[in-house]
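> sequence first, predicted coordinates after that:
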Amino acid sequence: MTIANSTSRLNAVSAPRPPTDIRKAAIDPDFWYPVAKSTHLKRGKTLAVSFAGQPIVLVRPTSGAPFALEDRCAHRQVPLHVGQVSGTGIKCGYHGWTYDRDGNCTSVPYLDMCTLKPNCVRSYPCREAYGLVFVFPGTPDKASSVAFPELPSASDPAYKTRYLDRQVDCHWSFMHENLMDMNHQFLHRKLMGGVATIFLGGRKGDTWMEADYTFKRRSGKQPLGEKFMLGKRPDAAPEDRDLMTIRTEYPYQTLRFWTAGSKHPALDLWNVYIPIDKDQRRNHTYGLMMIRRPSTPGIINLLWPFIVWFTNGIFAEDRWICELEQAAFDNQGEDRNHEIFPAIRDLREVIVNNSRPLES
Ligand code: FES
Ligand SMILES: [Fe+2]
């Protein structure tokens, strides 16, 4: 089975040169990226976060929406997150200069007026949605025209949401490959048992690709994890077969799983992997795992502890193996993977063609 050929390539004359090594790809900053869970940014407090080495302070003022500034005071460059929220602004912890949400210095306590230029601290477009705080770390003028992620299941009462919020010490491209490549069920054999993955084919464009899978039991007894995830077998008629579709739509990734014959996905997962450091060898994984509530009221709450245990176990194994991949890359200094699976080859093309080279 093959993925349909791409009809076109990225060839815009003004586009930056793509990276030559996928692990040296810098994520395109001109997208909306979550950098914190809303619950971690308390009213009247600050929170230090990072995007690809850029220090950012999130501020939730005493009233109104949160805002994001470069986490450096214009005066002596100390981090603003150690300062104090002051009404609708933030006061630096050293000499008490105050900045508003646009990064303007609005007061210097020991002078009558501030003579600094407007926006003396960089401000980032900031939005809060789905229980996450997003920033736009790229060119600010583009923020209003770049699509904000749409996650209808997140506000649909038919779904219960679990948040993924973890640091993984690897380049973000490993995370895309890990989720996209369902052929790695051997890694999860203790939780999933002897499951065989059936690749059904896929589709792709310049900025996205997706792959369809179904599964069958290879051997032994069905463990609890598999029972939770899988139902009908691949030899069933297509309309009576479980279907999993995984999609990378740069820079986001989704996984949807339909049990046989269902119109609505039983699982609707949205993930994004935020580079933390300048070299982008560490990422913060944010995800919303939206699980459709069974028709029996309350049963989801009974199942929830098991769902949490199971997904934690899967994620721990994925994190372990991706960090080993990063260690191999660090040791060898270049990507030497021999990738043979067409879906992953397509994914790598999407990632490389839509990214920028890391600054040396
Ligand atoms: S260092 Fe921030 S006010 Fe002086
Ligand atoms: Fe996995």
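Perfect, I can see it now. Source: prediction; values computed, not measured. Ligands and ions are numbered 1, 2, ... in the order given.

> quick check: the residue in the stretch 251-360 of the chain positioned nearest to ligand 1 vs T207, distance?
With C-beta to the nearest ligand atom as the measure, K278 is the residue of the stretch 251-360 of the chain nearest to ligand 1, at 23.3 Å. Yep, even glycine has a C-beta here, placed from its N, CA and C like the rest. Distance of K278 to T207, computed by C-beta to C-beta, to the nearest Å: 25 Å.

> just to revisit the earlier point, how about the contacts made by the residue of the stretch 251-360 of the chain closest to ligand 1?
Residues near K278 by C-beta atoms under 8 Å, 6 or more residues apart in numbering: A52, G53, E359.

> how does it look with 10 Å?
A26, S50, A52, G53, Q54, L358, E359 (C-beta atoms under 10 Å, 6 or more residues apart in numbering).

> Three-state assignment for the closest residue in space to P29 that isn't next to it in sequence, please.
Nearest non-adjacent residue to P29, counting by C-beta to C-beta, 6 or more residues apart in numbering: G138, 3.6 Å away. Under DSSP: H, G, I helix; E, B strand; the rest coil, G138 falls in the coil class.

> right, and G138 touches P125 too?
Yes. Between G138 and P125 there is a contact at 9.3 Å, judged by C-beta atoms under 10 Å.

> can you check which residues contact both of those two?
Contacts common to G138 and P125, judged by C-beta under 10 Å, 6+ apart, are W32, V146.

> how about the helices in the stretch 151-300 of the chain?
Ranges of helices within the stretch 151-300 of the chain are 172-180, 189-192, 224-229, 299-332, based on DSSP state H, counting those that start in this stretch.

> could you dump the contacts of K278 to TSV with neighbour count, distance to ligand 1 and secondary structure?
TSV is the format used below for the contacts of K278 (neighbours: other C-beta atoms under 10 Å; distance: C-beta to the nearest ligand atom, whole Å; DSSP: H, G, I helix; E, B strand; the rest coil):
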residue	neighbour count	distance to ligand 1	secondary structure
A26	19	30	strand
S50	17	20	strand
A52	19	24	coil
G53	13	21	coil
Q54	17	19	strand
L358	19	31	coil
E359	9	27	coil
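
> now those residues as a markdown table including pLDDT?
Shown next, in a markdown table, are the contacts of K278 (pLDDT from 0 to 100):
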| residue | pLDDT |
| --- | --- |
| A26 | 97 |
| S50 | 98 |
| A52 | 98 |
| G53 | 97 |
| Q54 | 98 |
| L358 | 93 |
| E359 | 77 |
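
> could you chop the chain up by domain?
What automatic domain parsing lists as the domains of the chain is 43-124, 152-357.

> now render those as TSV, adding distance to D21.
Formatted as TSV, the domains of the chain follow (distance: least, C-beta to C-beta, whole Å):
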stretch	distance to D21
domain 43-124	17
domain 152-357	5
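
> least reliable of those domains going by mean pLDDT?
Among those, domain 152-357 carries the lowest mean pLDDT, a mean of 90.

> show me which residues of the stretch 51-200 of the chain are close to ligand 1?
Residues of the stretch 51-200 of the chain lying near ligand 1 by C-beta under 6 Å from any ligand atom: C73, H75, R76, V78, C92, Y94, H95, W97.

> number of residues surrounding the fourth one?
Put plainly, it is V78. Neighbour count of V78, defined by other C-beta atoms under 10 Å: 15.
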